[in-house]
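Asks: Here is my input, please return the structure:
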Amino acid sequence: MTKTGPIRQEMFLGDILRRYPSVRGKVKELFGAECLRCKSNQRETIFYTSWHKGFDPGEVCRELNALLKEK
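Replies: Numbering: from 1, shown residues only. Down below sits the predicted model:
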């Protein structure tokens, strides 16, 4: 766990979606609906997916962790 929360850049997107279903909406908003059902999300990290989609991985982690704190 980091200072901001349990979601880190090196985690696989598929693992995050399984462990923290409350972030699914934000993942869909940031990366698109295809990332929710794509089999590659089992092998792609937040770092890679953020970079691929043009986002700052650190900011993505902060946003996802902020959602977890709201619950």
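Asks: which other residues reach the lowest-mean-pLDDT helix or strand in the chain?
Replies: When each helix and strand of the chain is scored by mean pLDDT, DSSP states H and E, helix 34-37 comes last, with a mean of 91. Helix 34-37 has contacts (CB atoms under 8 Å, 6 or more residues apart in numbering) with Leu13, Leu17, Arg24, Val27, Lys28, Asn41, Thr49. Every C-beta, even on glycine, is put in place using the N, C-alpha and C of the backbone.
Asks: Could you dump those residues into JSON lines and include distance to Val60 and neighbour count?
Replies: Formatted as JSON lines, the contacts of helix 34-37 follow (distance: CB to CB, whole Å; neighbours: other CB atoms under 10 Å):
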{"residue": "Leu13", "distance to Val60": "10", "neighbour count": "22"}
{"residue": "Leu17", "distance to Val60": "14", "neighbour count": "18"}
{"residue": "Arg24", "distance to Val60": "14", "neighbour count": "15"}
{"residue": "Val27", "distance to Val60": "9", "neighbour count": "23"}
{"residue": "Lys28", "distance to Val60": "13", "neighbour count": "14"}
{"residue": "Asn41", "distance to Val60": "14", "neighbour count": "21"}
{"residue": "Thr49", "distance to Val60": "8", "neighbour count": "22"}
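Asks: Can you add secondary structure and pLDDT and give those back as TSV?
Replies: Formatted as TSV, the contacts of helix 34-37 follow (DSSP: H, G, I helix; E, B strand; the rest coil; pLDDT from 0 to 100):
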residue	secondary structure	pLDDT
Leu13	helix	96
Leu17	helix	96
Arg24	helix	96
Val27	helix	97
Lys28	helix	96
Asn41	helix	91
Thr49	helix	95
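Asks: Now do the lengthiest helix in the chain: distance to the chain's middle.
Replies: In the chain, assigned by DSSP state H, the helix with the most residues is helix 57-70. Mean-position distance between helix 57-70 and its chain equals 8 Å (CA atoms, centre = their mean, to the nearest Å).
Asks: tell me which of the contacts of helix 34-37 is nearest to Leu64?
Replies: Leu64 lies nearest to Val27 out of the contacts of helix 34-37, by CB to CB, at 7.5 Å.
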